[in-house]
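J.: When you get a sec, could you give me coordinates for this:
(one chain, ligands or ions: 1)
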Amino acid sequence: MTATLDKQNIIGQPIDRIDGRRKVAGAAPYPSDFDLPGQAHAALISSTVAAGRIARIDRTAAEAAPGVLTVLTFDNAPPLADPPPSALGSTMRRPLRDDRILHYGQHIGIVVANTRAQAVAAARLVEIGYAAEPPVLDIDDPRAEVEQNPFGMESSRGDVPAALAAADVTLDATYTIGAETNSPMGLFTTVASWQGGRLVVHDTTQFPSMVRTALAAMFGVPEQDVRVLIPFLGGGFGAGLRLWSHTVLTTLAARVLDRPVKLVLSRPQMFDSTGHRAASRQRMRLGADRDGHLVAIDHDAIAANGVGDSLPSPIVAGTPVAYACDNVATHERRAHLNIPYTGFMRAPGSVEEHFALESALDELAGRLGIDPVELRLRNYAEVNPASGKPWSSKALRDCLRVGAERFGWAGRDPSPRSTHDGDWLVGQGMAAATFEFYAQPCTVRLVVDRRGHATVRTGATDIGTGTYTIAAQITAELLGLEVDRVRVEIGDTDLPPAPQSGGSGLAGALGAAVQDAANELNARLARLDGRPGESFASLLDRHGLDELSATGHSDLPAAVSGSDVAPAGAFAAAFAEVGVDEELGLVRMRRLVSVIDGGRVFNEKTARSQAIGGAVMGIGMALLEEAAYDPNSGRVANGTFGDYLVPVNADVPDIDVTFVGTPDTFNPTGSKGLGEIGIVSIAPAIANAVHHATGTRIRDLPITLDKLL
Ligand code: MOS
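T.: Numbers count the residues shown, from 1 in each chain. Okay, the predicted model is just below:
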């Protein structure tokens, strides 16, 4: 008996979050809410130079300060092993490894005291002498080490130079994006304790099993003796997808002291200790015939990366499959700089890529005199242009059509500077996008009991997007239960192994694993001699069984390689209207329409929130956010929410979200992932709207007033 997802009509329903009440009542424990008996408090010692060596350390004053329990620096800390590469391909340079300084804010020690205030005060008393070197902070600095094709993602088909030379119309434009930080609300926290040889860590992470594997290796203990707990996470947007040094140092301090230790990062530390979207520059060359058919795309990207770091976050990966075009070449480089380590940030690489690609298409549309929506339709990739395989699903055409209708695109005067509203120039722009999902294998344990309840258990975490809720909905749907009969236990590595909450892959992987377990359970229930219409509670009861359980597994990556369709990610189109005050250079969002094909939507309410959240983040990227490095010290000079601007309510218009499409044919659940697609088309749509309003093309994000004046 195969359970289907559309029997009871629970899937898709916009039900409230099952954990919502606990959250608003303050009863949902986030990492910083955990306090353990006997716990001490830590503060980090951070480098105040960006490059060089530590020449001298004097811990004397700090060690003598009130309440101080230990001060650990590279020259007195017990050694650690190197961590293995994570499943997402990033490797961490272990903290306190040696005297080298690679960036400002690098954690070069940890102070533990009885109170947080004592630890913070004592950390300032540690005297560090540096042999500083001039830092390399700019991707064009000739001293920067530059890697070509660092991720092996460069690709080429056809003959791009010849096609560009023969094209009727060409475009050659360069786009830059400043560094951005993830800026989740929840300050990253680690509470580490060694309990009889077993390490228990409450840690802000989107990938608890990755933290477990890494800590086990670094501290030389078996993985099953490490437990990572993260039942609730106060946002991450990718910042929680790497192991960070504060987690390791807190764990080390707890081991040295044999006492629980808690560390909460400060907001400024969030800017240099938990990753960021690297600054980037892209050159986009397009060639088209007079009818607007693309004949050539050449996409070259360079972005920053930390010294010695290798975070795999390719920018050019999607360009070869975005549009039907016979001649496509992509090039990718990374310049290693003395900047804080980069991380994954919502739709990493893809957001940068689409800003360049979708801005360039808007410029091309202008040159050709073709409507921007029409230009995308003329180059629509009916099949995957790289493999030639049919998409597992693709409703981008519906995204464009529905978006244009809801926005009222047909009434737009194509000429720039054609529309005014009082002192404001008004502009309308659009962009299309896709984002692939990164699925990993997932295992769940499903239990039904004679009281008619089901429990689903897996080591995933809910980043705040609704994993608890959709896990309950999927389980309820498949087992024929009410949602409130399902208990969801996640956020604990003692539960069955689960992938990261990231890469837009968890919902599909988790859903498919639940499906697998439900099929097994339903089959076993069917083998008990059920009476027509009998509930499983009554069935278990009659057979004297307290409960029945099954383990389910999904392995989408294995399925990808053997697939005769091209597994599609989500698709989207965004339509933006902005007002620009020419005298002041102010840009105000007036309207935003976002249409998304994410395949099957598990919960229309949490999905909509995801889309709105992505759009808000896209507004920040387009108009506000940039982490500014001091050119001398390499310090993030604006690392507070007073200086680094994220969108607030006044910056955000009503956002009109619509879902289109049908259940995907590749993922067993029919979903394609919604965590990231919502941001991808926003910044280019806004930049294109600013051009339409003003006639000025800004190719450098964020579009701040200095660039418009
Ligand atoms: Mo995201 S960068 O998958 O949290």
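J.: And the residue of the chain closest to the ligand?
T.: The nearest approach of the chain to the ligand comes at residue 238, 2.6 Å away (Cβ to the nearest ligand atom). (Glycine included, C-beta is placed from N, CA and C.)
J.: Could you count how many residues lie near the closest residue to that residue other than its chain neighbours?
T.: Closest residue in space to residue 238, ignoring its immediate chain neighbours: residue 344 at 3.5 Å, by Cβ to Cβ, 6 or more residues apart in numbering. Residue 344 has 29 neighbours, counted by other Cβ atoms under 10 Å.
J.: who's in contact with the least confident helix or strand in the chain by mean pLDDT?
T.: In the chain, no helix or strand scores lower on mean pLDDT, DSSP states H and E than helix 556-561, which sits at a mean of 84. For helix 556-561, contacts defined as Cβ atoms under 8 Å, 6 or more residues apart in numbering pick out 439, 440, 441, 505, 508, 509, 512, 567, 666, 667.
J.: Now the fourth one: closest residue in space that isn't a chain neighbour?
T.: Okay, so that is residue 505. In space, and not counting its chain neighbours, residue 505 is closest to residue 439: 4.0 Å by Cβ to Cβ, 6+ apart.
J.: Next, that neighbour: secondary structure please.
T.: Under DSSP: H, G, I helix; E, B strand; the rest coil, the three-state class of residue 439 is coil.
J.: doesn't residue 499 make contact with it?
T.: Yes - applying Cβ atoms under 8 Å, one finds residue 439 in contact with residue 499, separated by 7.2 Å.
J.: Give me the common contacts of the two.
T.: Residues within reach of residue 439 and of residue 499 at once, by Cβ under 8 Å, 6+ apart, are 505, 509.
J.: so which helix or strand takes in the residue nearest to residue 238?
T.: Residue 344 belongs to no helix or strand when assigned by DSSP states H and E.
J.: dump the residue contacts of it.
T.: 88, 238, 239, 241, 242, 275, 311, 313, 502, 503.
J.: Which pLDDT value belongs to the fourth one?
T.: Looking at residue 241, its pLDDT reads 97.
J.: For the stretch 601-709 of the chain, list the residues in contact with the ligand, please.
T.: Contact residues, the stretch 601-709 of the chain versus the ligand (Cβ under 6 Å from any ligand atom): 675, 676.
J.: So which residues of the stretch 601-709 of the chain form helices?
T.: All helices of the stretch 601-709 of the chain, identified by DSSP state H, counting those that start in this stretch, fall at 604-623, 677-680, 682-694, 705-708.
J.: Now do the longest one: which elements does it pack against?
T.: Think helix 604-623. Here helix 604-623 touches strand 586-597, strand 655-660, helix 677-680, helix 682-694, going by 3 or more Cβ pairs under 8 Å, 6 or more residues apart in numbering; DSSP states H and E.
J.: I'd like to know which of the ones you listed is closest to residue 614.
T.: Checking those against residue 614 by Cβ to Cβ gives helix 677-680 as the closest, at 2.4 Å.
J.: hey, where'd the strands end up in the stretch 401-550 of the chain?
T.: Here the stretch 401-550 of the chain has its strands, by DSSP state E, counting those that start in this stretch, at 419-421, 424-435, 442-449, 454-457, 486-489, 547-554.
J.: Return the alpha-carbon coordinates of the last one using PDB.
T.: Output of strand 547-554 as PDB, limited to C-alpha atoms (Å, rounded to 0.1, in the frame of the first residue of the first chain):
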ATOM      1  CA  GLU A 547       3.100   0.700  19.300                       C
ATOM      2  CA  LEU A 548       4.400   0.000  15.900                       C
ATOM      3  CA  SER A 549       7.400   1.700  14.400                       C
ATOM      4  CA  ALA A 550       9.200   1.900  11.100                       C
ATOM      5  CA  THR A 551      12.400   3.600   9.800                       C
ATOM      6  CA  GLY A 552      12.200   5.500   6.600                       C
ATOM      7  CA  HIS A 553      15.000   6.700   4.400                       C
ATOM      8  CA  SER A 554      15.300   9.000   1.400                       C
END
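J.: Partner strands of it, with direction?
T.: As defined by DSSP bridges, the strand partners of strand 547-554 come to strand 442-449 (antiparallel).
J.: Also the fourth one?
T.: Paired with strand 454-457 in the same sheet, following DSSP bridges, are strand 442-449 (antiparallel), strand 486-489 (parallel).
J.: Please apply the same query to the second one.
T.: Here strand 424-435 has these sheet partners by DSSP bridges: strand 419-421 (antiparallel), strand 570-581 (antiparallel).
J.: Now mean neighbour count, mean pLDDT and distance to residue 223 too, for those strands, in JSON lines please.
T.: Output for the strands paired with strand 424-435, formatted as JSON lines (neighbours: other Cβ atoms under 10 Å; pLDDT from 0 to 100; distance: least, Cβ to Cβ, whole Å):
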{"stretch": "strand 419-421", "mean neighbour count": "13", "mean pLDDT": "96", "distance to residue 223": "61"}
{"stretch": "strand 570-581", "mean neighbour count": "28", "mean pLDDT": "98", "distance to residue 223": "33"}
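J.: now these in JSON lines, with distance to residue 407?
T.: Putting the strands paired with strand 424-435 into JSON lines (distance: least, Cβ to Cβ, whole Å) gives the following:
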{"stretch": "strand 419-421", "distance to residue 407": "14"}
{"stretch": "strand 570-581", "distance to residue 407": "4"}
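J.: Including distance to the ligand, could those strands go into CSV?
T.: Formatted as CSV, the strands paired with strand 424-435 follow (distance: least, Cβ to the nearest ligand atom, whole Å):
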stretch, distance to the ligand
strand 419-421, 36
strand 570-581, 13
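J.: at contact distance from the ligand, anything in the biggest helix by length in the chain?
T.: In the chain, ranked by residue count with DSSP state H as the criterion, the top helix is helix 506-527. No - Helix 506-527 lies out of reach of the ligand by Cβ under 6 Å from any ligand atom, never closer than 8.9 Å.
J.: packing partners for that helix?
T.: Packed next to helix 506-527, using 3+ Cβ pairs under 8 Å, 6+ apart, are strand 442-449, helix 467-479, strand 547-554, helix 556-561.
J.: Between strand 547-554 and it, find me the angle.
T.: Counting by axes from the mean of the first three to the mean of the last three Cα atoms, to 10 degrees, helix 506-527 points 140 degrees away from the direction of strand 547-554.
J.: Check which residues of helix 506-527 are buried.
T.: If you call a residue buried by 16 or more other Cβ atoms under 10 Å, then helix 506-527 has these buried ones: 506-522, 525.
J.: Residue 444 touches residue 552, doesn't it?
T.: Yes - counting by Cβ under 8 Å, residue 444 does reach residue 552; the two are 5.0 Å apart.
J.: higher neighbour count, the two?
T.: Neighbours per residue, other Cβ under 10 Å: of residue 444 and residue 552, the larger number sits with residue 444, 32 against 24.
J.: Quick one: residues contacting the nearest residue to residue 264 once chain neighbours are set aside.
T.: Counting by Cβ to Cβ, 6+ apart, residue 189 is the residue found nearest to residue 264 once chain neighbours are left out, at 4.7 Å. With contacts defined as Cβ under 8 Å, 6+ apart, residue 189 is in contact with 30, 31, 32, 34, 202, 203, 204, 262, 263, 264, 265.
J.: Which PyMOL command selects the buried ones in these?
T.: Here is the PyMOL command that selects only those of these that count as buried (16+ other Cβ under 10 Å):
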select buried, resi 30+31+32+34+202+203+204+262+263+264+265
